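> here are the coordinates; sequence isn't available:
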């Protein structure tokens, strides 16, 4: 049933939220915090640990950030500075330092409440542009807070991590390449210091240098994991904290967050995108039955063969992260169906050129959609160039060396021990082929983290010092599952959670509806949490629509969404695909 709404459409999520998420070692430091030690170690004093570095003066200068207009720079008084931090906060007196680049917008009002540090996630997402994005999108916050963005250590304009990896010409399988990447990164000197734990010390030191007694924080996606780790380490220094699109915090590792993603992506595709296409037969001409449209997509190769895998990876999956991009995702699905016979067998470069041209003029595509499509093409072209370069290096040689950006894996693997059983990952792969067959072909099993041992782990939460945080979560989020966020809300002491029913985007605030945004402002500006632990809000319509349609689960009277990870529609689609694959030459499908 459609639900009326008075909410306006949101602005698009910052592009940085997608960083690293789509690119579908033993921690050598002897001072790594283990669970047993976490309960007895006193709260660190970064000012004392940094010693003479605490005396540095920040030099604020123009940022030169992409996507930030000169008018915003002037209005927000945007500037950047470089912070020098110890390379290893567990051994800061060794004299080794690295740099962390930060950005700042200056509070425009007289009632300044401090700093609001922001992080877009990743892991490995650049956060410099997030400060002006938040200040521009939520001017009420920009009036009262200096908004601080930063590139975490190893990322962007901070001291970068590039892993020197040596490949043999016999490294031809994905698994062999993964193991080579892990070996190369673990032997790269800086790698051991690129962890969430070390970054939390950097965050606290930024607080020190800015002269603030406490830190306020807004983190998205992996940024919720980072913020939680900070609060667990520096509880007395944490003031107000908003966790938006919540990773499975409270779990010992990030593995649970990524284990859930195949199912959430299949769910959003089948539960929300397919019905969206079916409601717009006037644009796509594929009829009004979502399951029939899915069958057409699968008969055109789906994500298994032909042009479908390429189109899904570069134009559909990314669009699922923001429902504003659904017209692009729907047009891409339609393009796979329409041009499969014509384009089948084309090389990736030819498909990319033809697909971009078709999508840019597809029905229902807006100027914002065209901007997204063009950016997706740029990203795809860069990835294809990397593949070609590596292929050329490998020709005629026994081995070759390549520098790779592997920060995404470095952080998530070193933040806690993942399952290292190859048998476990083989079984997980079979399960994905059966229960999440849309995304299963894209996943690398075993993942890099299966080959990466670590004794690092997030400290335990101290109920006496851990802040009462505000959590925001969309029902059909494809990156941080609603189920993981709901479980986390029960593990964080005193947490309150706002659930947005029937919304599929990754990243909530600002949402531009009173139900979602007003509690965020009340909390960040006045410290007032919602009266109830759980608050349920309704989504706003998808692009080109005036009503909200019920998808997935239902909002309960207790303010949470009663949903299932594998829905009836997903099961029906999987059964349909299973029947098809039984007759497709060379295909197999686990029983």
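That came in fine, so what should we check first? The shown structure was predicted, so the numbers you read here are calculated from the model rather than taken from an experiment. Numbers count the residues shown, from 1 in each chain.

> buried sites along the helix or strand hosting residue 167?
Using DSSP states H and E, residue 167 maps to strand 163-168. Neighbour counts over strand 163-168 (16 or more other Cβ atoms under 10 Å) mark 163, 165, 167 as buried. For every residue, glycine as well, the C-beta is placed using N, CA and C.

> quick check, nearest of those residues to residue 247?
residue 163 (23.6 Å; Cβ to Cβ).

> can you tell me the SS state at the closest residue in space to the closest one that isn't next to it in sequence?
Nearest residue to residue 163 in three dimensions, chain neighbours excluded: residue 185, at 3.9 Å (Cβ to Cβ, 6 or more residues apart in numbering). Secondary structure for residue 185, judged by DSSP: H, G, I helix; E, B strand; the rest coil, is helix.

> could you do the one 3 residues further on as well?
When the structure is reduced to helix, strand and coil (three-state DSSP), residue 188 reads as coil.

> for it, grab phi and psi.
Dihedral angles of residue 188 (phi, psi; degrees, to the nearest 10) stand at phi -80, psi 130.

> contacts only, for the residue nearest to residue 163.
25, 163, 165, 191, 406, 409-410 (Cβ atoms under 8 Å, 6 or more residues apart in numbering).

> so which of those residues are in strands?
Counted as lying in strands by DSSP state E, out of the contacts of residue 185, are 163, 165.

> need the max-distance pair from the contacts of residue 185.
So, the contacts of residue 185 by Cβ to Cβ: farthest apart are 25 and 165, at 13.2 Å.

> where in the stretch 251-400 of the chain is pLDDT low?
393-397 (pLDDT under 70).

> strands of that one, residue ranges please.
Assigned by DSSP state E, counting those that start in this stretch, the strands in the stretch 251-400 of the chain fall at 399-404.

> can you map out the helices along it?
Residue ranges of the helices in the stretch 251-400 of the chain, as given by DSSP state H, counting those that start in this stretch, are 255-268, 274-279, 281-284, 290-299, 308-311, 326-343, 348-360, 367-394.

> what's around residue 172, how many residues?
11 (other Cβ atoms under 10 Å).

> oh sorry, the question was meant for residue 282
8.

> follow-up on the earlier one: out of the buried residues of strand 163-168, which is nearest to residue 77?
Out of those, the member with the shortest distance to residue 77 (by Cβ to Cβ) is residue 163, at 37.3 Å.

> mind listing what that closest one touches?
Contacts of residue 163 (Cβ under 8 Å, 6+ apart): 181, 184-185, 188, 191, 403-406, 410.

> how near is residue 466 to residue 154?
27 Å (Cβ to Cβ, to the nearest Å).

> which one's more surrounded, those two?
Taking other Cβ under 10 Å, residue 466 and residue 154 do not tie; residue 154 has more neighbours (26 against 19).

> can you give me the pLDDT of the more buried one?
At residue 154, the predicted lDDT confidence score is 98.

> can you check residue 187 too?
Residue 187 is given a pLDDT of 96.

> residues contacting it?
Neighbour list for residue 187: residue 164 [criterion: Cβ under 8 Å, 6+ apart].

> what does it show for phi and psi?
Here is the backbone geometry of residue 187 (degrees, to the nearest 10): phi -90, psi 0.

> check the one 3 residues further on too.
Backbone dihedrals for residue 190, given as degrees, to the nearest 10, come out at phi -80, psi -20.

> what of residue 60?
phi -80, psi 130.

> equivalent analysis for residue 473, please.
phi -150, psi 130.

> thinking again about what came up before, ok, the contacts of residue 185 vs residue 216, which is closest?
The shortest approach to residue 216 among the contacts of residue 185 belongs to residue 410, at 27.9 Å (Cβ to Cβ).

> state the number of residues packed around residue 110.
7.

> name the element it belongs to?
Using DSSP H and E, residue 110 maps to neither a helix nor a strand.

> show the contacting residues for it.
Neighbours of residue 110 in contact, by Cβ under 8 Å, 6+ apart: none.

> check contacts around the closest residue to residue 564 other than its chain neighbours.
Once flanking residues are discounted, residue 564 sits nearest to residue 553: 6.5 Å by Cβ to Cβ, 6+ apart. Contact partners of residue 553, counting by Cβ under 8 Å, 6+ apart, are 475, 501, 561-564.

> now residue 553: how far from residue 568?
In terms of Cβ to Cβ, residue 553 sits 11 Å off from residue 568.

> repeat for residue 362
For residue 362, the distance to residue 568 equals 31 Å [Cβ to Cβ].

> contacting residues for residue 435?
263, 266, 566, 570, 574.

> my bad, should have said residue 496
Applying Cβ under 8 Å, 6+ apart to residue 496 gives the contacts 468-471, 489, 519, 529-530, 532-535.

> which of the contacts of residue 185 has the most neighbours?
Counting neighbours by other Cβ under 10 Å, residue 410 comes out on top of these with 29 neighbours.

> and the residue nearest to that one when sequence neighbours are not counted, how many neighbours does it have?
In this structure, residue 410 finds its nearest non-sequential neighbour in residue 194, 5.1 Å apart by Cβ to Cβ, 6+ apart. By the criterion of other Cβ under 10 Å, residue 194 has 26 neighbours.

> can you check residue 77 too?
Neighbour tally, residue 77, other Cβ under 10 Å: 15.

> thinking again about what came up before, higher neighbour count, residue 362 and residue 568?
residue 362 (20 against 9).

> my guess is the more buried one contacts residue 335, does it?
Yes: proximity of residue 362 to residue 335 meets the contact threshold set by Cβ atoms under 8 Å, at 7.4 Å.

> show me what counts as buried in stretch 333-349.
By 16+ other Cβ under 10 Å, the buried positions in stretch 333-349 come out as 333-340, 343, 346, 348.

> for residue 359, see how far away residue 371 is.
12 Å.

> please apply the same query to residue 128.
30 Å.

> what residues are up against the nearest residue to residue 207 once chain neighbours are set aside?
Setting aside the residues directly before and after it, residue 207 is nearest to residue 215 in space (Cβ to Cβ, 6+ apart), at 4.7 Å. Residue 215 sits next to 115, 117, 203-204, 207, 230, 234, 237-239 when contact means Cβ under 8 Å, 6+ apart.

> restricted to helices, list those.
Cross-referencing those against helices under DSSP state H gives 203-204, 207, 230.

> just the buried ones from the residues you listed?
203-204, 207, 230.

> from the residues you listed, pick the one nearest residue 427.
residue 230 (35.2 Å).

> for the closest one, give its distance to residue 179.
As judged by Cβ to Cβ, residue 230 and residue 179 stand 32 Å apart.

> same check on residue 60?
The value you get for residue 60 to residue 179, if Cβ to Cβ is used, is 44 Å.

> hang on, the earlier thing: closest to residue 423 among the contacts of residue 435?
Of those, the one sitting nearest to residue 423 (Cβ to Cβ) turns out to be residue 263, at 21.0 Å.

> for the closest one, grab the count of nearby residues.
Going by other Cβ under 10 Å, the residues that sit close to residue 263 add up to 23.
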